[in-house]
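[1] quick one, what's the 3D model for this:
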Amino acid sequence: MLLNIEHQTHYVFSEVVPYTIQQLRLTPRNGEGQQVKHWQIKVNGQLTAFEDAFGNLAHTLVIDQPHEELVITVCGEVETGVEPTTPSQTLALDVYLRETPLTQADAAMAAFAHQFAAAPLTDMMQALREHMQYIPGATLVDTPAAEAFRLGKGVCQDHAHTFIGCCHQLGLPARYVSGYLFTADGHLMQTHAWVDVWQHDQWLGLDVSNGILTDETHVRLATGLDYRSASPVTGSRMGGGREGMASMVHVNQHGSLTDKQRAQYQQQLRQQAQAAQQ
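    This is a model prediction of the structure:
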């Protein structure tokens, strides 16, 4: 499947910002069943490329001139469903058994996980999906898995964190994956997240939010122990007052956006970011 992707993120600030630094994990790499045909990041700042500890292609973004807005646009074309190559294991699997504050299981999660000790992982995935309703706004990006599990609701990040914690209870290495998902209408408001679990000498991708194994509709951006280590955008700034942010993702098979469409979406995002700033 040949997928065209456009991802825009727009920040606005109530006061002038003298300095911003961010880490971007917004570049997919070849392998794991995907082939990047072309990819571009456009920002109003300086980019320095590097590879992080998890093997993700990343960039450091620095803006050292006064600014009141920050616009990040990535676009490109990725072919999915290609013959997978044997992934290079850059880190020991034990690394993916480490708990973090976002994935740590409590007694309730442990009891839930152990019900599926002898069952296929897809059974635990479906049960967790039934237990945790997908409700945007019910949690925050730093909500721990145990709290989201107790609430019984959350979004893809919460599903991923909780499933990782449950896998750890079963002694299974698991990692957080951020990326894009092709849907029928080709439109997402945010990036997506799912889980890789090491089983039978390979990584198995499970999309808990949709109750499916990952397939050619998924495009991988980055992996890590949790959202914090695989987040598409993280960073900090000096000053700037209140911040508003809006983002939009388009994944389709019909070619890239026109310049006119891109400008229209950028204007919409600016307005949404300004509204979020209030």
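[2] helix/strand/coil for the closest residue in space to residue 203 that isn't next to it in sequence?
    Using C-beta to C-beta, 6 or more residues apart in numbering and skipping the chain neighbours, the partner closest in space to residue 203 is residue 196 (4.3 Å). C-beta: built from backbone N, CA, C; applies to glycine. Three-state assignment for residue 196 (DSSP: H, G, I helix; E, B strand; the rest coil): strand.
[3] start at 13, not 1
    Right, with 13 as the first residue, what we last looked at is residue 208.
[4] show me the contacts for residue 208.
    By C-beta atoms under 8 Å, 6 or more residues apart in numbering, the contact set of residue 208 is 186-187, 189, 215-218, 235.
[5] does it have beta-bridge partners, and which?
    residue 187, residue 217 (DSSP bridges).
[6] before we move on, the earlier item: most neighbours among the contacts of residue 208, please name it.
    residue 186 (26 neighbours; other C-beta atoms under 10 Å).
[7] am I right that it is in contact with residue 211?
    No: assessed by C-beta atoms under 8 Å, residue 186 is found out of contact with residue 211, at 9.5 Å.
[8] point out where the chain drops to low pLDDT.
    Within the chain, the ranges that satisfy pLDDT under 70 run 97-101, 198-201, 290.
[9] care to break it down by domain?
    14-95+243-289, 105-194+202-242 (automatic domain parsing).
[10] so of these, which one's packed in deepest?
    domain 105-194+202-242 (a mean of 19; mean count of other C-beta atoms under 10 Å).
[11] next one: that one to chain centre, how far?
    Here the centre of domain 105-194+202-242 is set off from its chain's centre by 12 Å, with C-alpha atoms, centre = their mean, to the nearest Å.
[12] need the distance between the two termini of it.
    Taking C-alpha to C-alpha, to the nearest Å, the first and last residues of domain 105-194+202-242 lie 17 Å apart.
[13] tell me the SS of residue 106?
    Quick answer, by three-state DSSP: residue 106 is helix.
[14] I figured it was touching residue 184, is that so?
    No: with contact defined as C-beta under 8 Å, residue 106 does not reach residue 184; the gap is 11.9 Å.
[15] and residue 266, how far from residue 236?
    32 Å (C-beta to C-beta, to the nearest Å).
[16] ditto for residue 168
    15 Å.
[17] go on, residue 209?
    Distance, residue 209 to residue 236, by C-beta to C-beta: 14 Å.
[18] likewise residue 38?
    14 Å.
[19] which parts of the stretch 13-162 of the chain are strands?
    Shown for the stretch 13-162 of the chain, the strands assigned by DSSP state E, counting those that start in this stretch span residues 14-29, 31-39, 46-55, 58-63, 69-75, 79-92, 145-146.
[20] any chance of the ones you listed in CSV, with distance to residue 240 too?
    Converted to CSV, these look like this (distance: least, C-beta to C-beta, whole Å):
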stretch, distance to residue 240
strand 14-29, 17
strand 31-39, 11
strand 46-55, 21
strand 58-63, 17
strand 69-75, 13
strand 79-92, 19
strand 145-146, 21
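[21] those: which one's closest to residue 112?
    For the strands of the stretch 13-162 of the chain, proximity to residue 112 was assessed by C-beta to C-beta; strand 31-39 is nearest, at 16.6 Å.
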